[in-house]
Structures are given as structure tokens and as C-alpha cells.
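# with the input below, show me the fold.
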Amino acid sequence: MSSNTNTTTIRFQQEPCRLGNQYREDHTLIDILHRLLPSSVLSSIEPDLIRWGDEVMKDVLVFGRDSEENPPRLITHDVYGKRIDKIIVSDSWNRLKDISAREGLISIGYERPCGEFSRVYQYVKVMLFSASSAVFDCPLSMTDGAARLLEGVSGFASVFSHLISRDPSSFWTSGQWMTEKTGGSDVGGTETIAVQQKDGTYQINGYKFYTSATTSEGTILLARIVDSSGSSVSGSRGLSTFFVKLRDDNGDLNKITVHRLKKKLGTRAVPTAELELHGTPGILVGQAGRGIPTISAILNITRIHNAINAVGMMRRAVALCRDYSFRRKAFGKLLADTPLHLSVLAEMEVQYRAGLQLVMDTVILMGRLECKKANDVESRRFRILTPLLKLFTAKQAITVISEAVEAFGGLGYMEDSDLPRLLRDAQVLAIWEGTTNVLSMDVWRPMSSNPSILSELCDYFHSLMDSPLEQLQSSISEVKKRIKDIKKQAEYMILQASSDPLLIPSSARKFAYSKSICS
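Numbering: from 1, shown residues only. Okay, the predicted model is just below:
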């Protein structure tokens, strides 16, 4: 007697998404590069971008998924009871680090093969990498920031060479440890202290509540210098910046105790620890008591990386939805032939394009500043655009990816679609490197102290809207009207600030977001 267990006949099988070269298929990115880059520069880097556009959908994506499925774990003691505090990451996570070095995801920005346009080259590669690599750009962003901070600083040549190396065997990543139990953005309550030693180094003692990329070779951190009498300066003015090498010559953590790994909503492949320093050796970077101005160089870099990740994730979500619309039928026709569905995809695409334009325009400014080709107006604009860029793209990424989950229906809610991972990871973008409220005040502060910045920024927005196309004129007129209204609003807020001290703090968020939309 035989039995047939295959009693269900499958009449339909949904065709899966198939994404191709992530550079070639992104016509918006290609158009922007043609607009921003000299033809000689673009022709020199495009073959590499095309090759990389394939790679991020092959090994990088495989390693990224495996890193997600095998998150970091902490071993506090060995079998004999010795405290070892060893963080184990997957082999795929280490492979992503090796790939990052070989591809020059940090070094391009410092080798500067394209002069002032080198940051564009570097960050396009990072953007293509971001959505496939399980947020490995978290350690890369902090490494980039540390490299920028230490570039040309006496005594750090060896560290700098490791941070920008293309050789995986000598490439270092760096952390950025500022957050304590007292706060993240508000670092004025930092309790970590540093005591100077006879050799000029410092012993650092303190508790760091969030330390991302804790498997890095080094880190930049803030601490409060204590003098021989035990006195220190309170508040943010008493903080100094230090570089700490995390491991000793034996490869063990250097007087650091890891209390636990964080259980996070997203970025699950990134090792994030809560730890304590017990006299860990550190080296002062910059002037004592000038920690906040010193570390601002890192914040500009990491905020731009944050935005690059946001547009990279948006691009991947849009690409998946677009491909799926040509493969999925509903009510007798493809989703791609359904006007209502297309209107949703069009709105997602517009948000991505707006974010990418803002990112690349800001990166161009960054390159000019680093190569000392920017004027004072451009320098002031960069100071405003960086927080604007970060707050706008972070919020838009969450919205766009959430729409992508819905556009797939039930399949979008399944882990294997990759969309839940993108949505989880996007949630942190509005928190990392300053929340929307903090960034809003960063936008407002320089404008309130120097009102001419507002006029300069509005003039810049107007300059972007010159177009001979008749069909764009009504839209351009509407945007110009909004810019005029925003300028009036800001001028009123500046005028009223002295008599109404709550006006700016309560309105800064809405004001900053309205400016980011115009930009």
C-alpha cells in the first residue's frame, strides 16, 4: 500500500526580485555625478563604480546577511574562570572589514586621487555598500571621523596610517565613545576622568554606556581632566578628547571591562557594548579643555555617513519595490500598470532623489573645504547643511522604507525579504549623531548669531532652481514662495527671541525641517 503525502498542488509561484548592478540601475545617481563631476574625473572612476555595483549584490550581500544571522556575542570568562571579555563576531563581519580596506572605503578620502572630488568618489562607494553590508558603515563612519581628526596631528602618524590603510592586515577601525549614563547628545555631564602621567599620557577611568563597534582597534573618547588636587572643570568646557588603543600587546582589552552587549532593535550585526575603563592609557588629542570643538570634525563626518546610509537604504527599498512591481500581479494586472501603486512608488523615488541631491551637494562642499578651495560663504553653508542633511534624510528613510514594506504586502513583513532589516536599521538614523531636536538647534544657533547666513542660504536655494523647462516653472515659483515665507519666519524669530526666550527652542524643529525640504 502506498501513500502520496504530496496532496497539495501548487498552481502559482511568485517570481522573486532580482536586482542587478546597483550603480548602472541608478539613473538618478549617474545623472547627479554627470552634473557635479568634470568628465575627466567621472571617466576615471566610473569603471570602478560599475564593478563595485555588481560586487555589493554578490559577496557583500552574502556577508551582510550572514552577519545579521550570526550577531556578536560576549564571552566574559574562559573555562578556568579568568575574566577575558572577548567579543565574538562572525567571520563574515571580519570579511566585510577586509573588503572595506581593499576597496578604499576610507582611504580614497585621504589619498584624494580626484582632488576636491575624492569625497564624492568615496561616498558613492560607501552608499552602494551600505544597504548590503549589515551597517558595517557604522565602524567605517567613526574610522573616517577619527582619520580626519588625526590627519596631520603630531604624534599620530602611525595611527593615521592604520586608519586609512588598504591592506586588510594593517587596517584599523575606530570607535567613538561619548555616551554615558548621564546622556548622549548632552555630554556636559560626562563623568569619565583622565589623570595625566609623568610620560605625558593619561589614565582614563569611567563608564561608557554605548560603545558601537567595540571590536575596533582604537577609539576616540571624551573625558574630564583631573589635576593633582583632584579638581576638574564641570560642564562641556571641562572636556578633552583622547585617543585610546583598545588592546595591549597580547591582544587583550587594555584595562577595560565589558559589562554587556546591547540588545538593539536594529543594527544587530554591529557590536555595541556597555563597558568600563579602569586606568586605561589614553593620549590627548588637541588642547586640554577643548574637547567639544576638537571632536566636531568627527561629528561632521559621521553625520554625513549617517545621511549616506539613509539614501543608500532608501535606494535599496525603492529598487526592490520597482522590481517587484514588474513581477507581481494583483486584480488581473501587474502592479507596474496600476496608477495608484505607481503614485506611491513615484513619491518614494522623489524622496530618495531629494535626499541624494542634498547629500552630494554637501559632499562637494566638504571636498572643497578639505582641499582649501571653499570661500567663507561656502564654509558657513556647510555648517548649516550638515545638520539639515542628517535630520532630513534620517526621517525620510524611515518613511520610505516603511512604505516599501507595505508595497510588498505580506511578503514585505517577512524577514527574508530584507525589508524588515532595512526598516529596523533605519530607525537608528534619527538617533545616531544627534536627534532631530538636537540637530534643529544646531541649524538655528549659527543663524541666530549671524543673520546673514540665512540670506546666503536662501540665495543658494534660489540658485539651484534656474531651469529653462516651461513645465517646471509653476513648481519653481511655489518653492521660491516657500523660501520667502521661511526667511520671513526666521527673521521674525530672531527679532522676537529676546522678548520670548521659548520661541526658538519650541519652533526650531519645524523651522529646520521646512528648510531641509526646500533644500
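# go through this protein and flag its longest strand.
Across the chain, the longest stretch assigned as strand under DSSP state E is strand 272-285.
# doesn't residue 351 make contact with residue 28?
No - shown here, residue 28 and residue 351 do not form a contact pair, counting by Cβ atoms under 8 Å, at 11.5 Å. In this view, the C-beta of every residue, glycine as well, is placed from N, C-alpha and C.
# related to what we said a few turns ago, mind listing the strands the longest strand of the chain pairs with, and their directions?
Using DSSP bridges, the strands paired with strand 272-285 are strand 202-212 (antiparallel), strand 239-245 (antiparallel), strand 256-261 (antiparallel).
# the closest residue in space to residue 399 that isn't next to it in sequence and residue 317: what is the separation?
Closest residue to residue 399 apart from its sequence neighbours, by Cβ to Cβ, 6 or more residues apart in numbering: residue 351 at 7.0 Å. Remark: distance between residue 351 and residue 317 (Cβ to Cβ, to the nearest Å) = 10 Å.
# again with residue 192
39 Å.
# neighbour count winner among the two?
Set residue 192 next to residue 317 and count neighbours by other Cβ atoms under 10 Å: residue 317 wins out with 28 against 22.
# quick one, which of the strands paired with strand 272-285 gets closest to residue 509.
strand 202-212 (23.4 Å; Cβ to Cβ).
# and that closest one, which residues are buried?
202-206, 208-212 (16 or more other Cβ atoms under 10 Å).
# C-terminal to it, what's the next element?
Downstream of strand 202-212, the first helix or strand assigned by DSSP states H and E is strand 218-226.
# re earlier: what angle do the longest strand of the chain and strand 218-226 make?
Angle of strand 272-285 versus strand 218-226, following axes from the mean of the first three to the mean of the last three Cα atoms, to 10 degrees, is 70 degrees.
# C-terminal to the helix or strand encompassing residue 385, what's the next element?
Following DSSP H and E, one finds residue 385 within helix 376-407. Following helix 376-407 in sequence order, the next helix or strand is helix 419-427 (DSSP H and E).
# what packs against the following helix or strand past that following helix?
Later in the chain than helix 419-427, the nearest helix or strand by DSSP H and E is helix 436-449. Judged by 3 or more Cβ pairs under 8 Å, 6 or more residues apart in numbering; DSSP states H and E, the packing partners of helix 436-449 are helix 376-407, helix 452-463, helix 473-496, helix 503-518.
# pLDDT of helix 436-449, averaged?
Averaged across helix 436-449, pLDDT comes to 88.
# picking that back up, could you check how far the residue nearest to residue 399 is from residue 291?
36 Å.
# those two: which has the busier surroundings?
Set side by side, residue 351 and residue 291 show more neighbours around residue 291, with 28 against 21, by other Cβ under 10 Å.
# how about the nearest residue to residue 315, chain neighbours excluded?
residue 352 (5.7 Å).
# residue 71 now?
Closest to residue 71 by Cβ to Cβ, 6+ apart is residue 268, at 4.8 Å.
# shaky segments in this structure?
1-8, 467-469, 471-472, 498, 513-519 (pLDDT under 70).
# list the buried residues for the lengthiest helix in the chain?
Looking only at the chain and at elements set by DSSP state H, the helix with the highest residue count is helix 291-325. For helix 291-325, burial by neighbour count (16+ other Cβ under 10 Å) applies to 291-292, 294-295, 297-325.
# the inter-axis angle of it versus strand 218-226?
Going by the same axes, to 10 degrees, helix 291-325 makes 150 degrees with strand 218-226.
# which strands or helices does helix 291-325 pack on?
Against helix 291-325 (3+ Cβ pairs under 8 Å, 6+ apart) you get helix 118-130, helix 137-150, strand 218-226, strand 239-245, helix 339-370, helix 376-407, helix 419-427.
# ok, the third one: who's next to it in the sheet?
Next to strand 218-226 in the sheet, as set by DSSP bridges, lie strand 174-177 (parallel), strand 193-196 (parallel), strand 239-245 (antiparallel).
# and the last one, C-alpha only, in CSV?
Read that as strand 239-245. The C-alpha trace of strand 239-245 is given here as CSV (Å, rounded to 0.1, in the frame of the first residue of the first chain):
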residue,chain,number,x,y,z
LEU,A,239,36.0,68.0,28.5
SER,A,240,39.0,66.9,26.5
THR,A,241,39.4,64.5,23.6
PHE,A,242,41.6,61.4,23.8
PHE,A,243,42.7,58.5,21.6
VAL,A,244,42.7,55.1,23.2
LYS,A,245,44.2,51.9,21.8
